[in-house]
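> Sequence first, then the predicted structure, then my questions.
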Amino acid sequence: MKKFKIPSIPPTTSKSIRFPNDMIDEVEHWIQGKDCTFSAFVVEAVRVALDNLREEAENE
């Protein structure tokens, strides 16, 4: 059986960035009705992009 660990929330910093309106509309379309915020979607998208960049750097 896997041991339960209480998750810790990583520290965060507020950043203001500008998005093209069409991108905002599309993200909001995809998260509509789901348990996901705009910020959570963007954080996950950036996390995936960073992982891809790391993989590419390792393969060079």
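In hand now; what should we look at?
> Check D22 and give its pLDDT.
pLDDT recorded at D22 is 98.
> That should have said P7, apologies.
77.
> host element of it?
For P7, there is no enclosing helix or strand under DSSP states H and E.
> Contacts only, for it.
By Cβ atoms under 8 Å, 6 or more residues apart in numbering, the contact set of P7 is empty. Glycine gets a C-beta too; all of them are placed from N, C-alpha and C.
> measure it to H29 for me?
P7 is 29 Å from H29, where distance means Cβ to Cβ, to the nearest Å.
> Report how many residues lie close to C36.
Residues contacting C36 under the criterion other Cβ atoms under 10 Å number 13.
> can you give me the helices in the chain?
Under the criterion DSSP state H, the chain contains helices at 21-31, 38-58.
> Was I right to think V42 contacts I24?
No. Using Cβ atoms under 8 Å as the test, V42 is too far from I24 to be in contact (10.2 Å).
> of those two, who's got more company?
Using other Cβ under 10 Å, the more surrounded residue of V42 and I24 is V42, with 15 against 12.
> For the closest residue to that one other than its chain neighbours, give me its contacts.
Spatial nearest neighbour of V42, excluding adjacent residues (Cβ to Cβ, 6 or more residues apart in numbering): V27 at 7.4 Å. By Cβ under 8 Å, 6+ apart, the residues touching V27 are 19, 38, 41-42.
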